[in-house]
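> Next input, structure requested:
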Amino acid sequence: MATDLEVDLPLLSSPPIVVSLERGACEVRLPDGQLVACALSNDLAQVQRTAVAPGDAVVLQQREDAPPLVIEVLPRRSTLSRPDPMDPRLQRVLAANIDLVLIVSSAKSPAFKPGLVDRALVAVQAGDSQPVIVVTKVDLLDPRKRAALEAELLHYRELGVEVHLVSTVDGEGIEALRQSLVGKVSTVVGHSGVGKSSLLNALKGSETAAVGRVRQGDGKGRHTTTRAELHELPGGGFLIDTPGVRAFGLWGLDLDLLREVFPDLPTTDCRYDDCKHQGEPEVDCAIKRGLSEGRIPAARYRTWLRLLAEIGPPVR
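As a prediction, this is how the structure comes out:
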């Protein structure tokens, strides 16, 4: 007779936790640290991309002469999601029940891309977790370029976003980042080639993830992580590694969310209510004044315009 497998995982305050997924199956972590291969119920397997993700708390059913069966996914407290690449009308959940999302970009090879950071900030805000910006490969910068990068990141710090500059080559910033993850469930998001796998290896102190090289032809990264997977960190905490993305689509983007994530763009402080914040004179547009005075980075404004275009109508 099948019975429920009742377990408790103190750090995650939940039953068994999904570690990784395959088609129709997954691996879960039990409270004693044991990893168990499980099958998904038929209902869950049919909607696997949306219904099950690493970090999910699940209910298992024991079976005789067969792997345990995942029969239920418990309510999530947070998610990191994007539209499904195969069907943009569907939500693709990359990670669940997370406290922090590490938005990983590199200082060089490939160069720092504030556009991805801003898009990821929207996704983090929508999923009810906290963002942390991590810039890798800072050992590749000369003092002048590093100062320019620090100046660019200052705007995010002023918005209250935690920022870490790290190098997996000389270890700069790794311990401080590791300490910020203790006792938390975190996940990473970033373009291919920014060093997410090297970062995971450095945080764990072991060669866990395969490391790829940036392609010489276009400066873009190779996909070395092919599936999301949960890893335990030394000192306490878990990190969900995710495949690199070349374009980060946003799920559930609307004007209210955009205003919440871009509090530095005063869209309601312009002279006219119907200001489009694009071609108006500086004297009439609060955003144009912010750009002129250096309070709003031009790259952040350009990202905001692209996101606004994805929504459709102009901000009023």
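
> Run through the helices of the chain in chain order.
42-46, 48-51, 114-126, 143-158, 174-181, 196-204, 255-261, 286-292, 298-311 (DSSP state H).

> and this structure, what are its domains?
Residue ranges for each domain of the chain read 3-73, 79-241, 255-311, as given by automatic domain parsing.

> Export only the CA atoms of the longest strand along the chain, formatted as PDB.
Ranked by residue count and defined by DSSP state E, the top strand of the chain is strand 87-96. Coordinates of each C-alpha in strand 87-96 appear next as PDB, following Å, rounded to 0.1, in the frame of the first residue of the first chain:
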ATOM      1  CA  ASP A  87       5.400  29.100 -25.800                       C
ATOM      2  CA  PRO A  88       5.600  32.700 -24.400                       C
ATOM      3  CA  ARG A  89       2.000  32.400 -23.200                       C
ATOM      4  CA  LEU A  90       3.200  29.900 -20.500                       C
ATOM      5  CA  GLN A  91       5.100  30.700 -17.400                       C
ATOM      6  CA  ARG A  92       8.500  28.900 -17.000                       C
ATOM      7  CA  VAL A  93       9.500  28.700 -13.300                       C
ATOM      8  CA  LEU A  94      13.300  28.500 -13.000                       C
ATOM      9  CA  ALA A  95      13.500  28.300  -9.200                       C
ATOM     10  CA  ALA A  96      11.100  28.400  -6.300                       C
END
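
> excluding its backbone neighbours, what's nearest Arg82?
Take Arg82 and drop its neighbours on the chain: the residue closest to it by C-beta to C-beta, 6 or more residues apart in numbering is Gly249, 4.8 Å away. Placement of C-beta: from N, CA and C, glycine included.

> Give me the local confidence score for that neighbour.
What the model reports for Gly249 is a pLDDT of 71.

> what separates it from Gly279, distance-wise?
The gap separating Gly249 from Gly279 is 28 Å, by C-beta to C-beta, to the nearest Å.

> Same check on Val135?
For Val135, the distance to Gly279 equals 34 Å [C-beta to C-beta].

> ok, the two, which is more surrounded?
More neighbours sit around Val135 than around the other of Val135 and Gly279, counting by other C-beta atoms under 10 Å; the figures are 26 against 8.

> got a list of what the more buried one touches?
Val104, Ser105, Ser106, Ala107, Phe112, Leu149, Leu153, Val163, His164, Leu165, Val166 (C-beta atoms under 8 Å, 6 or more residues apart in numbering).

> Quick one: low-confidence residue ranges for the stretch 201-316 of the chain.
Filtered on pLDDT under 70, the stretch 201-316 of the chain yields the residue ranges 206-227, 244-248, 312-316.

> same deal with the stretch 1-150 of the chain?
Low-confidence segments of the stretch 1-150 of the chain (pLDDT under 70): 1-14.

> can you map out the strands along it?
Taking DSSP state E, counting those that start in this stretch as the test, the strands found in the stretch 1-150 of the chain are 3-5, 17-22, 25-29, 35-40, 58-63, 66-73, 79-84, 87-96, 100-106, 130-136.

> how far off strand 58-63 does the third one point, in degrees?
With axes from the mean of the first three to the mean of the last three C-alpha atoms, to 10 degrees defining the directions, strand 25-29 sits at 110 degrees from strand 58-63.

> List the neighbouring strands of strand 25-29 plus their orientation.
On the basis of DSSP bridges, the sheet neighbours of strand 25-29 come out as strand 17-22 (antiparallel), strand 35-40 (antiparallel).

> what's in contact with it?
Strand 25-29 has contacts (C-beta under 8 Å, 6+ apart) with 9, 16-21, 35-40, 52, 58, 60, 67-68, 70, 230.

> just the buried members of those?
If you count burial by 16 or more other C-beta atoms under 10 Å, the buried members of the contacts of strand 25-29 come out as 9, 16-21, 38-40, 52, 58, 60, 68, 70, 230.

> Out of those, name the two that are farthest from one another.
With distances taken as C-beta to C-beta, the most widely separated pair in those is Leu9 and Ala39, at 20.4 Å.

> Skipping adjacent residues, who's closest to the residue positioned nearest the centre of the chain in space?
With distances taken as C-alpha atoms, centre = their mean, the chain has Val189 as the residue nearest its mean C-alpha position (3.7 Å). Distance criterion C-beta to C-beta, 6+ apart; nearest residue to Val189, sequence neighbours excluded, is Ala120 at 5.4 Å.

> Check Leu305 too.
The spatial neighbour of Leu305 that comes closest, neighbours along the chain excluded (C-beta to C-beta, 6+ apart), is Gln278 at 7.1 Å.

> do the same with His231
Here the residue nearest His231, using C-beta to C-beta, 6+ apart, is Leu239, at 5.2 Å.

> So what touches the longest strand of the chain?
Under the contact criterion C-beta under 8 Å, 6+ apart, strand 87-96 has outside partners 18, 49-56, 76, 78-85, 187, 189, 228, 240, 242, 249, 251.
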